[in-house]
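Novice: Below: sequence and its predicted model.
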Amino acid sequence: MKKIPKFKNEDEEFEFWSTHDSTDYVNISKGKRVRFPNLRRTTKLVALNMPISLIDQLKFLANKKDIAYQSLMKLFLIERLEKELGIK
């Protein structure tokens with residue numbers, strides 16, 4: 001197995017793994033199954049009052065895209081936040 005180099009930052013690591021095969025560096029046959037029973041949820045329930053017609057339109061579009069309408073709403077929120085904050 002080759003030795004994994006030290007990286008200065010995430011971008012450098014990303015570039016490395018984008019051009020190298022991890023099987024040259026990690027022996028996955030020696031991997032072990034682990035559990036993380038004490039992990040906390042990273043999501044929080046949020047209640048929104050929305051017009052029924054808006055929900056119906058979201059459900060219609062989500063059905064066309066074959067995803068859950070809540071997932072579609074999250075995607076829309078992420079896209080808008082990225083646009084507003086100048087991310088990506």
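Specialist: Yep, it's here. Note that the coordinates shown come from a computational prediction; the quantities given were computed from them, not determined experimentally.

Novice: avg pLDDT for stretch 34-53?
Specialist: Mean per-residue pLDDT for stretch 34-53: 92.

Novice: tell me which residues in the helix or strand where Leu72 lies are buried?
Specialist: Element membership of Leu72, judged by DSSP states H and E, is helix 69-85. Using 16 or more other CB atoms under 10 Å as the test for burial, helix 69-85 gives Tyr69, Leu72, Met73. The way it works is simple: take the backbone N, C-alpha and C, and place the C-beta from them, glycine included.

Novice: Now do it: which elements does it pack against?
Specialist: helix 52-65 (3 or more CB pairs under 8 Å, 6 or more residues apart in numbering; DSSP states H and E).

Novice: Quick one: work out the angle between the helix it packs on and helix 69-85.
Specialist: 100 degrees (axes from the mean of the first three to the mean of the last three CA atoms, to 10 degrees).

Novice: quick revisit: residues making contact with the helix holding Leu72?
Specialist: The contact list for helix 69-85 (CB atoms under 8 Å, 6 or more residues apart in numbering) reads Ile55, Leu58, Lys59, Leu61, Ala62, Asn63, Lys65, Ile87, Lys88.

Novice: of all those residues, which comes closest to Tyr25?
Specialist: Lys88 (28.8 Å; CB to CB).

Novice: Grab the nearest non-local neighbour of that closest one.
Specialist: Spatial nearest neighbour of Lys88, chain neighbours left out: Glu82 (5.2 Å); criterion: CB to CB, 6 or more residues apart in numbering.
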